[in-house]
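Student: Sharing a sequence plus its predicted fold:
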Amino acid sequence: MFGHEHLTVLILTVAFSIFLPLYAKKYLSLRAQINVSRFMAVLICFSVVFYIIVRMAHGYFDPKTDLPFDLCNIVGLVLPFLMWRPSYRAHEILYFWILAGTLQGVLTPHLMDSFPTFTFFKFWITHSGLVIYTIYISVVFRFYPTRKSILRAFVAIQVYAVLMFLINLVVGSNYAYLLHKPPTASLLDLFGPWPWYILVLEALALVIFGLCYLPFWRAERAGISSMELKR
């Protein structure tokens, strides 16, 4: 973490998050803006699917760890289907999931393989790609989340958690660390034993959702109409 490879990726992530939306908004037509968003969504989805194919081809696939059920992978997998035509209702949920969850993976990556391995590229295309994507959608299409979006995103994450809990019981996996903490040291060690660390994470998620909403707080207070926000 924060070695030269990580710092390089962080710089590229910040640069693309700033300049790609600004360039698209200023110089691209609406059709071209949508095509850029589609290209990013397909690329992220492809990285998730291709990773599974490669693991299977080499005989390393394990359904307990390699199914695309972690939050970042499942978002990447469904992204082209939910956002082929950019949808505000889908984005207002994905915005919080990505910036509150995926961004943590960008800042504190759990990655053993370095450049130029396949796993390295898969990890960063998925994680940095999702962060760049959600900022792009928010800026270019003016899909600004509201306070109600926080509630919708929080309810949606509860549905996801219940489904993952049931899948973990059936498969014997531990997706989203709902059955126990990861085997290596992590921030979860500070939040108490199971199931208390899950409740702490729930409260922390609401706090981080609130922080992610702050850039759009003034827009909502200014009374910008929903039609303008969702245009």
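Tutor: On my side now, so go ahead. Residues are numbered from 1 along each chain as shown.
Student: how about low-confidence regions in this structure?
Tutor: 184-186, 219-231 (pLDDT under 70).
Student: residue closest to the middle of it?
Tutor: residue 98 (3.0 Å; C-alpha atoms, centre = their mean).
Student: For residue 111, what is the enclosing helix or strand?
Tutor: Assessed by DSSP states H and E, residue 111 sits outside every helix and strand.
Student: give me phi/psi at the nearest residue to it once chain neighbours are set aside?
Tutor: Nearest residue to residue 111 in three dimensions, chain neighbours excluded: residue 123, at 5.1 Å (C-beta to C-beta, 6 or more residues apart in numbering). (C-beta placed from N, C-alpha, C; glycine too.) Main-chain torsions, residue 123, degrees, to the nearest 10: phi -60, psi -50.
Student: was I right about residue 123 contacting residue 114?
Tutor: No - counting by C-beta atoms under 8 Å, residue 114 is not a contact partner of residue 123; they are 10.6 Å apart.
Student: of these two, who's got more company?
Tutor: More crowded of residue 123 and residue 114, by other C-beta atoms under 10 Å: residue 123, with 22 against 12.
Student: Next one: the nearest residue to residue 86 once chain neighbours are set aside from residue 167, what distance?
Tutor: Among residues not flanking residue 86 along the chain, residue 141 sits closest, at 5.3 Å (C-beta to C-beta, 6+ apart). The gap separating residue 141 from residue 167 is 33 Å, by C-beta to C-beta, to the nearest Å.
Student: re the thing from before, if I pick the residue nearest to the centre of the chain, what's in contact with it?
Tutor: Neighbouring residues of residue 98 by C-beta atoms under 8 Å, 6 or more residues apart in numbering: 75, 130, 131, 133, 134.
Student: Ok, residue 158 next?
Tutor: Here residue 158 is in contact with no residue (C-beta under 8 Å, 6+ apart).
Student: Check the gap between residue 144 and residue 131 for me.
Tutor: For residue 144 relative to residue 131 (C-beta to C-beta), the value is 17 Å.
Student: Can you name the helix or strand that residue 20 falls in?
Tutor: Per DSSP H and E: helix 4-27 holds residue 20.
Student: for residue 212, same thing?
Tutor: helix 196-213.
Student: Beyond the helix of greatest length in the chain, next helix or strand please.
Tutor: Secondary structure of the chain per DSSP state H: the longest helix is helix 30-57. Toward the C-terminal end, the helix or strand that comes next after helix 30-57 (DSSP H and E) is helix 71-83.
Student: roughly how far out does that next one sit from the chain middle?
Tutor: Distance of helix 71-83 from its chain centroid, counting by C-alpha atoms, centre = their mean, to the nearest Å, is 9 Å.
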